[in-house]
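**Q** Provide a 3D model corresponding to the input given below.
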Amino acid sequence: MPISGDHTGMTTEADRNALWVFAYGSLMWCPGFPFNLQSPAHLTGAHRALCVYSILHRGTPSSPGLVLGLDEGGECHGVAFRVEPGAESDTVAYLRQREQVTEVYLETYREISLSNGSGRKVMALTFLADRTHAQYAGALDVEAQLRIVRACRGQAGANIDYVLNTVEHLEALGTHDPALFALADHLRSESDETEEA
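**A** Okay, here's the model as predicted:
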């Protein structure tokens, strides 16, 4: 996912004036808003985790699924999108409608580094998991995650598809997320065993 423009390491005027969005889950493969640049990027101080119960997109109130949030500590490799000029307000409104139905995330701006060799840093809109929210799942063990992801489905589809799509896009980025990849390996091996049976 290349980014065009200068690679001097300097943050450009266009960068400073733009709205950037940091994507670490489904926004990586389905942003849903107009953008004119995208780049691999990383954020320090938070890590990707299946730490949010989903009662809409990948689950229901009676059978919550699991989706990703940015939880405290570590770092996260994802994708930065520079929003098309003029689309900033509509993009923020769209993201709030999509991500904040139950206000489970903290909408904030964090500095991210573009991982394209340019050394550029920009401020980006991102969504951190709210640890005080009832839908915050915390650090579930692999067995608990498997049990939930296998079974749940919401308005956006099956929970298992969400996890595997995210992993496929991380693989395409060349990013290894040990916990998420281990979960995906379990899910894929179970699927292979089912097909063979």
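**Q** State the distance from the residue nearest to Gly25 when sequence neighbours are not counted to Pro85.
**A** Closest residue in space to Gly25, ignoring its immediate chain neighbours: Leu68 at 3.8 Å, by Cβ to Cβ, 6 or more residues apart in numbering. (Each C-beta comes from the backbone N, C-alpha and C, glycine too.) Remark: distance between Leu68 and Pro85 (Cβ to Cβ, to the nearest Å) = 29 Å.
**Q** And Asn159, by the same measure?
**A** Distance, Asn159 to Pro85, using Cβ to Cβ: 36 Å.
**Q** With Thr44 instead?
**A** Taking Cβ to Cβ, one finds Thr44 at 28 Å from Pro85.
**Q** can you check Ser115 too?
**A** 24 Å.
**Q** Looking at those two, which has the bigger crowd around it?
**A** Ser115 (21 against 12; other Cβ atoms under 10 Å).
**Q** who touches that one in this structure?
**A** Counting by Cβ atoms under 8 Å, 6 or more residues apart in numbering, Ser115 touches Ser39, Pro40, Ala41, His42, His77.
**Q** Inside helices: which ones of those?
**A** Using DSSP state H, no member of the contacts of Ser115 sits in helices.
**Q** Can you flag the buried ones in those?
**A** Applying 16 or more other Cβ atoms under 10 Å to these, the neighbour count classes Ser39, Pro40, Ala41, His42, His77 as buried.
**Q** and the first one, what are its bridge partners?
**A** Legend: beta-bridge partners of Ser39 under DSSP bridges are Ala80.
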